[in-house]
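Peer 1: Build the 3D model from these lines:
(2 chains)
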Amino acid sequence: MVGIAVKMPPEDAFTSMRADAFRTALTMEQSLKFLIALVLILLAPPALAQIRPPGHSGHEWPILPTPNPEGPNVPCYGCEGNPPLFDAPSSGLWQNPSEPGTGFTFTVQGSSLSGLYHGYDEQGHALWHPFAGQLERPKDEPRLLRLTAILEGTNKTITLEFDQRNHGSFSLAGDQKTHIVPVVEGIDATRHFPEYADYYFPDLNGVWIIVMEKPIISGVGEAISYIGGLLESETTPWQGATMWEYHPIDAFGTGDFYCANVHDHQSYDHVDCRYSDISPFGGNPDRFLFPMPYANFGANRITSANPETGIRMRAFRSRFD
Amino acid sequence: MRTISLAVALVACTCGLSGYSSRVESANKATGRLVEAISGTPLPHDAPGKAISALAESGPIVPCNGCEGQQFFDAPTSGLWSNPEDPGTTLDIVMQNGLLIGTWYGRNSDGAPQWYRFRGLLQRPEDAPHLLRLTVPLERYEGGACLGCTYRKPRKFLDAGQIELEFDQRNHGTYAIGGGARTHIVPQVFGVPVSREFSSVMHYDMPDLAGPWLVTFRVEDPMWPEEYGGRAGTFTAEFQAKVVVNDSHDQPARVQWLFSARASDTGEVFYPARVVCERLGSPPATAPSCSFDIAVSWATFPEMENMSFPLPYANIGAGRIVSKDPVSGIRLEAFRLDYD
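Peer 2: Take a look at the predicted model:
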């Protein structure tokens, strides 16, 4: 049974004091961000974001990208270890963006996935093949979700493998993997770190509900949820970073999603994304850091988990789908 | 940030069910859609044969009681839709911020597999604001590469006519191609059990709601910044197993799911909400009336102490339940956790 604790607003939340509280919290948050920046930044080169123009639907393909049979590369930094940082791949249309006109439809319900491949036969006539199966975590790679199924109407076996909620691959009969990502057309998308990941990052500005869930122990868990606005920060406190501030409307404080291009001690470039928030459950630590695989940021969901506590964080975009 | 456990938060909550109003619409009517004859329309190029050949409406009928003039939902469910009587044809619908991206999977008049892509912003007709509607051309693609072959850019053709989609509930709608007959469609549910309640009137497989859900409320309010969600609130709880009460005809008279929640400090179990569908009158002529009843009071939502959201039958979905209170304008959006 999932227990409940409702993150409640203060009795006087309607008053102007509320705005003052937010302002105070913001100031503290910004100070903290600056300190984090000092730790994270080691000669990060400025990243030139590539912005897909509003309204670009992708289906006209006016300038066809260079075909890349391997598909988009989106490294999964921070994905190793437990607990897994996503529960299911996104439902919807998926494709290799450099090869439009063919792809998949995935519908995920629980651990079941129902899919449709749409493409062409040898003569170029349209065809489609359904398939279905259970998503499973391989014992030797629990960070992944994998499905193997027969493409109906063929004797081909398809294997899907997801390393992030919005990044995966397919392969036929054990052949070469092709990486795929969801099609996002309803909102703008930006390549914030094009040298790092072939991933159009969806515009996150909007109203989101965040749910924090403690792991279920002895049949009893605990969940806390709050709703608020996610806004891209206008003043990023360090070079090469992107930040979104989360302002819950029904609780004090703010959380931050941020991504920064950093070097680790081996001088290896990577983008480190995190969600930072005050612990809604109290106790220690009083502040959580959730590692955020880059492609766990989706148009309608954001997911992660805290490695130390096992607490899962999931964000749902309100009135989006 | 302040967290108050449910035990404290629900000071004004009516514990148990004594505080629930038994809200049942008296205007239940089985609408019984007329079979419409469609005037002859030129056949689009190799358009879906089945849809064109049939002149009568087909598919599951799910009356939307009390929906006229209301806006109980923002978007149809994303996922696979079909007429369960015609499992060979499937529509994939992806909703993103009002934009519908769809794919029709079926067979052409020769029986060969065919798929069409379509997309557009859903519109609310001024004369029927309870509906969401879209009429757009079908995009046919040809000349692409086969599976596992070297990529080849396909060509797009707009010679397959138009598709007209119309949704009256989040999980019920119709479509027609090239001016042909309308086909009623519902989402495919395979992740949770379903059951056919009120089957004489409602041709809708009701998903089992049991399990954890996230419930949210939002309403525009000048005192609250809209970019943060306006006046808004949320809680999580768990639907218990369904309870069905039969009438003297051994037909379901009431189907109910109770939300249970456990106070984090005392462990006490509360029942802050329920979904209930009730039928007045004798079957088979009467359709049920459903509501999402809340018995949770917030400082920001004092009206929630005894609030009942009218719920179109097919707004109860496997992964989402949505409604809007016509009086206050408060929108309800509930997400099933651990589902998608």
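Peer 1: Quick check: B:Ala314 is in a helix.
Peer 2: Yes - secondary structure of B:Ala314 (DSSP: H, G, I helix; E, B strand; the rest coil): part of a helix.
Peer 1: for chain B, what spans make up the helices?
Peer 2: B:6-9, B:49-53 (DSSP state H).
Peer 1: residue with max distance from the center of the chain?
Peer 2: Using chain A. A:Gln123 (38.0 Å; Cα atoms, centre = their mean).
Peer 1: I was thinking of chain B, sorry if that wasn't clear
Peer 2: B:Thr150 (40.7 Å).
Peer 1: tell me the contacts of that one?
Peer 2: Listed by Cβ atoms under 8 Å, 6 or more residues apart in numbering or on different chains, the contact set of B:Thr150 reads A:Pro69. Where C-beta positions appear, they are placed from N, C-alpha and C, glycine not excepted.
Peer 1: Equivalent analysis for B:Met202, please.
Peer 2: Per Cβ under 8 Å, 6+ apart, neighbours of B:Met202: B:62-63, B:196, B:287-288, B:313.
Peer 1: now the strands for the stretch 151-300 of chain A?
Peer 2: Listed in chain order, the strands of the stretch 151-300 of chain A (DSSP state E, counting those that start in this stretch) span A:157-164, A:167-172, A:178-182, A:189-191, A:201-202, A:206-217, A:220-232, A:241-248, A:255-263, A:269-278, A:287-291.
Peer 1: The longest one pairs with which strands, parallel or anti?
Peer 2: Within its sheet, strand A:220-232 is paired with strand A:2-4 (parallel), strand A:206-217 (antiparallel), strand A:241-248 (antiparallel), according to DSSP bridges.
Peer 1: thinking in terms of the whole chain, how far from its middle is stretch B:253-262?
Peer 2: 19 Å (Cα atoms, centre = their mean, to the nearest Å).
Peer 1: Can you list the low-confidence ranges for chain A?
Peer 2: For chain A, residues meeting the criterion pLDDT under 70 lie at A:1-65, A:217-220, A:236-239, A:252, A:263-268, A:285.
Peer 1: what about the helices in it?
Peer 2: A:17-40.
Peer 1: ok, which residues in the stretch 201-321 of chain A are in contact with chain B?
Peer 2: Taking Cβ under 8 Å from any Cβ of the partner chain, the part of the stretch 201-321 of chain A that reaches chain B is made up of A:207, A:209, A:211, A:213, A:220, A:222-229, A:231, A:247-253, A:278, A:280-282, A:299-300, A:314, A:316, A:318-321.
Peer 1: Quick one, which of the residues you listed are buried?
Peer 2: Buried residues within these, counting neighbours by 16 or more other Cβ atoms under 10 Å in any protein chain shown: A:207, A:209, A:211, A:213, A:222-229, A:231, A:247-253, A:278, A:280-281, A:299-300, A:314, A:316, A:318-321.
Peer 1: Show me which of the contacts of B:Met202 is closest to chain A.
Peer 2: Comparing these against chain A with Cβ to the nearest Cβ places B:Arg196 closest, at 18.6 Å.
Peer 1: Look at the closest one and say how many residues are nearby.
Peer 2: 12 (other Cβ atoms under 10 Å in any protein chain shown).
Peer 1: hang on, it packs against B:Met206?
Peer 2: Yes - B:Arg196 lies in contact with B:Met206 (Cβ atoms under 8 Å); the separation is 7.2 Å.
Peer 1: In the stretch 151-300 of chain A, what residue comes closest to chain B?
Peer 2: Counting by Cβ to the nearest Cβ, the stretch 151-300 of chain A gets nearest chain B through A:Gly186, at 2.5 Å.
Peer 1: my guess is that residue meets B:Ser78, correct?
Peer 2: No - at 10.7 Å, A:Gly186 and B:Ser78 do not qualify as touching, with contact defined as Cβ under 8 Å.
Peer 1: shared neighbours of those two, anything?
Peer 2: Counting by Cβ under 8 Å, 6+ apart, the residues touching both A:Gly186 and B:Ser78 are B:Met95.
Peer 1: Which pLDDT value goes with B:His239?
Peer 2: Just to correct that, residue B:239 is Phe rather than His. On pLDDT, B:Phe239 comes in at 93.
Peer 1: residues contacting it?
Peer 2: B:209-213, B:257-260, B:275.
Peer 1: how far does stretch B:329-340 stretch from start to finish?
Peer 2: Distance between the boundary residues of stretch B:329-340 (Cα to Cα, to the nearest Å) amounts to 28 Å.
Peer 1: Repeat that for stretch B:214-223.
Peer 2: Stretch B:214-223 has its terminal residues 25 Å apart, counting by Cα to Cα.
Peer 1: again with stretch B:176-195
Peer 2: First-to-last residue span, stretch B:176-195, Cα to Cα: 28 Å.
Peer 1: for that stretch, which positions count as buried?
Peer 2: B:176-192.
Peer 1: and what of stretch B:110-129?
Peer 2: Result for stretch B:110-129 [16+ other Cβ under 10 Å]: buried residues B:113-120, B:122.
Peer 1: How about it and chain A, touching?
Peer 2: Yes - using Cβ under 8 Å from any Cβ, we find that stretch B:110-129 touches chain A at B:112-115, B:117, B:119.
Peer 1: List the residues that contact residue 225.
Peer 2: The chain I'm using is chain A. A:Ser225 neighbours (Cβ under 8 Å, 6+ apart): A:6-7, A:209-212, B:214, B:216, B:234-236.
Peer 1: meant chain B actually
Peer 2: Here B:Pro225 is in contact with A:229, A:249 (Cβ under 8 Å, 6+ apart).
Peer 1: how far away is it from A:Ser304?
Peer 2: Noted for B:Pro225: a distance of 26 Å to A:Ser304, by Cβ to Cβ, to the nearest Å.
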